[in-house]
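J.: Structure for the following, please:
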Amino acid sequence: MPSRNVAVLVGSLRAASYNRTMAHVLAAIAPDTLKLSIIEIGALVPFNQDFESGTTPAEYLTFRQTVKAADAVLFLTPEYNRSIPGVLKNAIDVGSRPYGQSVFKGKPAAVMSVSLGATGGFGANHHLRQVLSYLDMPTLAQPEAYIGGAAGLFDEVGNLKNDATKIFVTDFMKAFAGWVEKIAGSNQ
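T.: Numbering: from 1, shown residues only. You can find the predicted model right below:
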């Protein structure tokens, strides 16, 4: 099986972000068939359609090229006000434009939400899934990944402390690898 490149979009810019920490965990435990790379989204200026008829920011072009070159996309998001953070929505808007030229179309995707709360970012996870369906991204349905209690999940160097969570995220990544191969393999 070929190795698939996965663009990882983390919806938190905080240096000690639980979602970024989890992204590193997932990259380390991913099956050999997946190569995960975090794509930075913090430098993307707010989307403005005027850029499409004038000078498109270089950051937009780089972001679009990077995501377009990926075989799949993995989204990790905290929950802000029962939804996804603005920075993640902005990245999605940048990548989905110009209209009809979305870099996301047809790419297999998965969503994991990591939050402090007990519901594990359920609202953000499902809101993001709604957006991804519009983008025509086949999204892994099971297992759903809501990771709560994030403040107690990691040790001082970013390793997972909880064996049940380790097992869950390992199984999640195996399921995602199978999903990526099913969708990406059928697109060849």
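J.: remind me, longest helix of the chain?
T.: Counting by DSSP state H, the longest helix found in the chain is helix 163-186.
J.: Just the CA trace of it, in CSV.
T.: The C-alpha atoms that make up helix 163-186 are tabulated as CSV, following Å, rounded to 0.1, in the frame of the first residue of the first chain:
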residue,chain,number,x,y,z
ASP,A,163,-4.1,3.9,28.4
ALA,A,164,-7.7,3.9,27.3
THR,A,165,-7.2,7.1,25.3
LYS,A,166,-4.0,5.6,23.7
ILE,A,167,-6.0,2.6,22.6
PHE,A,168,-8.8,4.7,21.3
VAL,A,169,-6.7,7.1,19.3
THR,A,170,-4.6,4.2,17.9
ASP,A,171,-7.8,2.5,16.7
PHE,A,172,-9.0,5.9,15.3
MET,A,173,-5.9,6.2,13.3
LYS,A,174,-6.2,2.7,12.0
ALA,A,175,-9.7,3.4,10.9
PHE,A,176,-8.7,6.6,9.3
ALA,A,177,-5.9,4.8,7.4
GLY,A,178,-8.4,2.3,6.0
TRP,A,179,-10.8,5.2,5.1
VAL,A,180,-8.0,7.1,3.3
GLU,A,181,-7.0,4.1,1.3
LYS,A,182,-10.6,3.3,0.4
ILE,A,183,-11.4,6.8,-0.8
ALA,A,184,-8.0,7.8,-2.2
GLY,A,185,-7.5,4.4,-3.8
SER,A,186,-10.8,4.6,-5.6
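J.: who does it touch, helix- and strand-wise?
T.: strand 4-10, helix 18-29, strand 34-38, strand 72-77, strand 109-114, strand 145-147 (3 or more C-beta pairs under 8 Å, 6 or more residues apart in numbering; DSSP states H and E). C-beta: built from backbone N, CA, C; applies to glycine.
J.: Swap in 6 Å and give it another go.
T.: Here helix 163-186 is seen to pack against helix 18-29 when contacts are counted using 3 or more C-beta pairs under 6 Å, 6 or more residues apart in numbering; DSSP states H and E.
J.: Mind listing what's buried along the helix it packs on?
T.: With burial defined by 16 or more other C-beta atoms under 10 Å, the residues of helix 18-29 counted as buried are 18-27.
J.: Just give me how far the helix or strand of the chain with the lowest mean pLDDT sits from the chain centre.
T.: Counting by mean pLDDT, DSSP states H and E, the chain has its least confident helix or strand at helix 50-53, which shows a mean of 86. Helix 50-53 has its C-alpha centroid displaced from the chain centroid by 26 Å (C-alpha atoms, centre = their mean, to the nearest Å).
J.: which other residues reach that helix?
T.: residue 98 (C-beta atoms under 6 Å, 6 or more residues apart in numbering).
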